[in-house]
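Participant: Okay, here's the prediction I keep looking at, along with the sequence it came from:
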Number of protein chains: 2
Amino acid sequence: MDAETDDVQRNRQPAREVDPIDRKILGALVDDATISYAELGERVGLSPPAAHERVKRLRRSGAIRATSAIIDPKAVKKPLLAFVHIDTRGWGKTPELMAISECPEVEEIHSVAGDTCMLLKVRTEDTRALEGLLSRIYETPGVVSTRSYVVLSTYLERPVQPEITAEWPAPRHMATPVY
Amino acid sequence: MDAETDDVQRNRQPAREVDPIDRKILGALVDDATISYAELGERVGLSPPAAHERVKRLRRSGAIRATSAIIDPKAVKKPLLAFVHIDTRGWGKTPELMAISECPEVEEIHSVAGDTCMLLKVRTEDTRALEGLLSRIYETPGVVSTRSYVVLSTYLERPVQPEITAEWPAPRHMATPVY
DNA sequence: CATAATGGCCGAATTGAATTCAGCATCAAT
DNA sequence: ATTGATGCTGAATTCAATTCGGCCATTATG
C-alpha cells in the first residue's frame, strides 16, 4: 500500500481539478506574479500559507509552467514582429526545421492544418534581419515556400488567460449540430 | 535648465542603454523570475542589492513590462490553439473588432501587411468554442471573411528573448542591398 | 590640472515576506 | 461511529528583500 501510494504520487499530482479558487489564483498570477502570498491570499479569500500551498500545488502539477519576466521587444531591439507561413515538401521534415529554435528571434513554431504546414512567430531588429532569418529557413531542406505577414500594429498580446467564456451566443443563422 | 532636466526625465528613464549585464539579467528572469536576487546577482556577477537595483531600473524604464505566471493551456481547458486571419472591408473598423479583446480566449490581435488585415491568436476548449468565437467575429460589421489555421502541434512557444543573432550568414545567391 | 559631482557598486543591518509547524475542521470511506 | 486524508488557520521561525553608509570610477567643472 505504501508502495502503491508512492507510485501514484511519484510523478503527477493526483489529477486534482483546478477549482474556482485555483482559477482566481492563476488569474492573479498571470496579471502580476510579484505580489506577496498575503496579497494573493486576500484576493482569493485565503490565508497566506493556504495560498502558498495552492500555488505550490499548481506548480507541481504543471498548471503553472513557469514564472517569467515579460520584456518589451523594443527595449531589446526587436521592433519588427512577423508571422511566417512555411510550406514544406514531404513529411517528417520537422526535425530539420527545429534547428531554427536556436535563433532567439523565433518565438513560436507550430504545425498547422490548412493550406500551409508550419507557422512561425518571429521578432527581429529590422527587415534586414527578417530577410536573414528567411534565407536561413529556405536553406532547410524540404522548404518549398514561405509567406510572411509583417505586423503593423499589435492591439493585444497577453499570456494564456485562465478564464473561459461559458456560453457562446448561438448565432441565429446556424443550425444546431448533432454533436 | 532645471525645468528642462525635469522635462527630459519626467516620464521616461534617462534612456539608459540596456547593457550586456542587463541583457543577462533579462535572460535569467525570462527563464525564471522566481530566483532570489542573491542567485540573480551571482549569475550576472553582481551583489544582491546591485542586481536588485538593476531590476528596479529595468521595471521603471518599461524594459520589463510585467512578471507573470505562464500557465498550461490544457490545465485551464484550452487545448485548441488557432490563428485566425480576418479580412475586413473599409478602414478604421478596428475599434469594433477590439471588442473581442474581452474574450479570454483571444490572446493576440495584430493588424498585418500582406493579403489579410487582422491576425488573431485564439485558444479555446474545443472546435465548438472556436466556431462560437468565429461567429462572434462575423457579427462584427466590416468583417468580410476569415481563414483559420488550427494548430496540430506546438514545437516551440516562449516569451520574448533578450538575445539577438549578431550576424546572419549572408546567403551566396543574394546580391548585397544598397541599404 | 585639480576637484567636485555623479552613478553604480559593495557589505552590513534592518525590515518584511516566505516557509514551517501544530492543531482543528471537514469530508469520505470503512 | 471511527478512522484517515485533505485543506485550512494562526503563531513562530527562517530566509530573502530592502535600506543605508561608504567606496571607487568616471565625467563634468572651475
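Facilitator: Right, received. Where do you want to start?

Participant: State which strand of chain A is the longest.
Facilitator: strand A:143-157 (DSSP state E).

Participant: And chain B, is it touching that?
Facilitator: Yes: using C-beta under 8 Å from any C-beta of the partner chain, strand A:143-157 reaches chain B at A:147-157. All C-beta atoms are positioned from the backbone trio N, CA, C, and that covers glycine.

Participant: can you check stretch A:32-39 too?
Facilitator: Yes: Stretch A:32-39 reaches chain B (C-beta under 8 Å from any C-beta) through A:32-34.

Participant: which one of the residues of strand A:143-157 next to chain B sits closest to DNA strand C?
Facilitator: Proximity of the residues of strand A:143-157 next to chain B to DNA strand C (C-beta to the nearest atom of the strand) peaks at A:Glu157, which lies at 26.9 Å.

Participant: Check that closest one and give its pLDDT.
Facilitator: pLDDT for A:Glu157: 98.

Participant: Strands of chain A, start to end?
Facilitator: A:64-71, A:80-88, A:106-112, A:118-124, A:143-157.

Participant: what's the distance between the residue nearest to A:Met174 when sequence neighbours are not counted and DNA strand D?
Facilitator: Leaving aside its sequence neighbours, A:Met174 sits nearest to B:Ser135 (C-beta to C-beta, 6 or more residues apart in numbering or on different chains; 6.9 Å). Distance of B:Ser135 to DNA strand D, given as C-beta to the nearest atom of the strand, to the nearest Å: 38 Å.

Participant: now B:Ser135: how far from A:Pro171?
Facilitator: Distance, B:Ser135 to A:Pro171, by C-beta to C-beta, to the nearest Å: 4 Å.

Participant: neighbour-wise, which of the two wins?
Facilitator: Set side by side, B:Ser135 and A:Pro171 give different neighbour counts by other C-beta atoms under 10 Å in any protein chain shown, the larger being at B:Ser135 (16 against 13).

Participant: Hmm, that one is touching B:Ile100, no?
Facilitator: No: with contacts counted by C-beta atoms under 8 Å, B:Ser135 stays clear of B:Ile100, the gap being 11.5 Å.

Participant: low-scoring pLDDT stretches of chain A, where are they?
Facilitator: A:1-15, A:92-93 (pLDDT under 70).

Participant: which bits of it sit near DNA strand C?
Facilitator: A:36-38, A:48-49, A:52 (C-beta under 7 Å from any atom of the strand).

Participant: can you rerun that using 10 Å?
Facilitator: Residues of chain A found near DNA strand C (C-beta under 10 Å from any atom of the strand) are A:33-41, A:47-53, A:55-56.

Participant: With mean neighbour count added, can I get the strands of chain A in JSON lines?
Facilitator: Formatted as JSON lines, the strands of chain A follow (neighbours: other C-beta atoms under 10 Å in any protein chain shown):
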{"stretch": "strand A:64-71", "mean neighbour count": "21"}
{"stretch": "strand A:80-88", "mean neighbour count": "21"}
{"stretch": "strand A:106-112", "mean neighbour count": "21"}
{"stretch": "strand A:118-124", "mean neighbour count": "23"}
{"stretch": "strand A:143-157", "mean neighbour count": "15"}
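
Participant: mind checking which of those is nearest B:Arg65?
Facilitator: strand A:64-71 (4.7 Å; C-beta to C-beta).

Participant: quick one: the helices in chain A?
Facilitator: A:2-10, A:20-31, A:37-44, A:48-61, A:94-97, A:127-139 (DSSP state H).
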